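Q: Sequence and computational prediction follow.
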Amino acid sequence: TQLLEQSPQFLSIQEGENLTVYCNSSSVFSSLQWYRQEPGEGPVLLVTVVTGGEVKKLKRLTFQFGDARKDSSLHITAAQPGDTGLYLCAGAWNAGNMLTFGGGTRLMVKP
Amino acid sequence: NAGVTQTPKFQVLKTGQSMTLQCAQDMNHNSMYWYRQDPGMGLRLIYYSASEGTTDKGEVPNGYNVSRLNKREFSLRLESAAPSQTSVYFCASRGRGSSQPQHFGDGTRLSIL
């Protein structure tokens, strides 16, 4: 079983603060995805990273894939209450059909 | 666009009862998945189907069975529900390619008393 560890599990911050969420594994992934989930809904894809060292930006969100493709980070600049939710990383290995999900980071941004 | 549709949205069962969770997708995806989500544990894969006519066990298959009825539909059955199966169940589908996103339904919240 490939394991993905996310940290922190919970994060409560004020509007305007910056934050970083980490996703780490001992396994090498062929690709890694970040999802965001709101209460009562299923996860929705934010980004897919494929190449070691890759950086992708989505407005105030910056995603990075580690050089060795074993870890990833999500950085949010100037967080807003609308960023509140559960953030999940998920890794795929080889070219298989399965994803391994991390335990999630529950983010609350207070106005 | 409906995407992935799950029914029912909520269900309460007594220990030992059986039920089937339904899932259908309208995106012509080959792969479909069933996950359970428990607090602090992310999503754990129960079963998946890489294509019509095939199913494979995931990380936590015990106590569950699945049927890939056709390309659109993938059902999950609990033959004899146990309190440990209280969870939120998500169905997902994905198109070809390992970097393609999985598209999720809104989940079925299942409580077993």
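A: That came through fine.
Q: Count residues in the vicinity of whichever residue of chain A sits closest to chain B, would you?
A: When distances are taken as Cβ to the nearest Cβ, chain A reaches nearest to chain B at residue A:42, 2.8 Å away. Where C-beta positions appear, they are placed from N, C-alpha and C, glycine not excepted. If you count neighbours by other Cβ atoms under 10 Å in any protein chain shown, residue A:42 ends up with 23.
Q: sec struct for it, please.
A: Per DSSP: H, G, I helix; E, B strand; the rest coil, the secondary structure class of residue A:42 is coil.
Q: The one 5 residues further on now?
A: Reducing the assignment at residue A:47 to three states with three-state DSSP gives strand.
Q: Please enumerate the strands of chain A.
A: A:5-7, A:10-14, A:19-24, A:31-37, A:44-49, A:55-58, A:61-65, A:71-76, A:85-92, A:100-101, A:105-110 (DSSP state E).
Q: typo on my end, chain B
A: Going by DSSP E, chain B shows strands at B:4-7, B:10-13, B:19-25, B:31-37, B:43-49, B:56-57, B:64-68, B:74-78, B:87-94, B:102-104, B:108-112.
Q: Any chance of JSON lines for these, columns distance to residue A:77?
A: Putting those into JSON lines (distance: least, Cβ to Cβ, whole Å) gives the following:
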{"stretch": "strand B:4-7", "distance to residue A:77": "32"}
{"stretch": "strand B:10-13", "distance to residue A:77": "38"}
{"stretch": "strand B:19-25", "distance to residue A:77": "35"}
{"stretch": "strand B:31-37", "distance to residue A:77": "28"}
{"stretch": "strand B:43-49", "distance to residue A:77": "27"}
{"stretch": "strand B:56-57", "distance to residue A:77": "41"}
{"stretch": "strand B:64-68", "distance to residue A:77": "42"}
{"stretch": "strand B:74-78", "distance to residue A:77": "39"}
{"stretch": "strand B:87-94", "distance to residue A:77": "30"}
{"stretch": "strand B:102-104", "distance to residue A:77": "27"}
{"stretch": "strand B:108-112", "distance to residue A:77": "34"}
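Q: Figure out which of these is closest to chain A.
A: Of the strands of chain B, nearest to chain A by Cβ to the nearest Cβ is strand B:102-104, at 2.8 Å.
Q: tell me the average confidence for the closest one?
A: Strand B:102-104 carries an average pLDDT of 94.
Q: same deal with stretch A:56-69?
A: On average, stretch A:56-69 scores 96.
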